[in-house]
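Visitor: Fold the stuff below for me.
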Amino acid sequence: MLTFLKSDLFLRFLGGFAIGSAGLFAFHVAEPPALTTPAMAAPESAPQAIEHAAR
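Guide: As a prediction, the model looks like this:
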């Protein structure tokens, strides 16, 4: 077990994991993407939509 923990394969894996974790934290988006906002589902306000549907 100690031999594996000191092996080059394990150290490279551990280094890649550390770099990947740092990248995830560096590029983490605090806000949701613009395409998933509730406003995209209803582009018109309610009174305009009712008036448009009555025509």
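
Visitor: Could you list the low-confidence segments of this protein?
Guide: Scanning the chain for pLDDT under 70 picks out 31-55.

Visitor: what about the longest helix in it?
Guide: Secondary structure of the chain per DSSP state H: the longest helix is helix 8-26.

Visitor: ok, now how distant is residue 11 from residue 22?
Guide: Look at residue 11 and residue 22: by CB to CB, to the nearest Å, they are 17 Å apart. The way it works is simple: take the backbone N, C-alpha and C, and place the C-beta from them, glycine included.

Visitor: And for residue 30?
Guide: Separation of residue 30 from residue 22 (CB to CB): 17 Å.

Visitor: And residue 9, by the same measure?
Guide: Here the criterion is CB to CB. By it, residue 9 lies 21 Å from residue 22.

Visitor: go on, residue 16?
Guide: In this view, residue 16 and residue 22 are 11 Å apart by CB to CB.

Visitor: just residue 15 next, same as before
Guide: 11 Å.

Visitor: Who are the contact partners of residue 21?
Guide: The contact partners of residue 21, taken as CB atoms under 8 Å, 6 or more residues apart in numbering, number zero.

Visitor: Which of residue 30 and residue 22 has more residues huddled nearby?
Guide: It is residue 22, of residue 30 and residue 22, that has more neighbours when counted by other CB atoms under 10 Å, with 10 against 4.

Visitor: OK, contacts around the more buried one?
Guide: Residue 22 neighbours (CB under 8 Å, 6+ apart): none.

Visitor: cool, residue 10 as well?
Guide: residue 4.

Visitor: distance of it from residue 24?
Guide: Computed as CB to CB, the residue 10 to residue 24 distance reads 21 Å.

Visitor: Ok, residue 15 next?
Guide: Here the criterion is CB to CB. By it, residue 15 lies 15 Å from residue 24.

Visitor: now do residue 13
Guide: Between residue 13 and residue 24 the computed distance is 16 Å (CB to CB).

Visitor: again, but for residue 11
Guide: Residue 11 is 21 Å from residue 24, where distance means CB to CB.

Visitor: buried ones in stretch 14-33?
Guide: Neighbour counts over stretch 14-33 (16 or more other CB atoms under 10 Å) mark no residue as buried.

Visitor: Okay then, goodbye and thanks.
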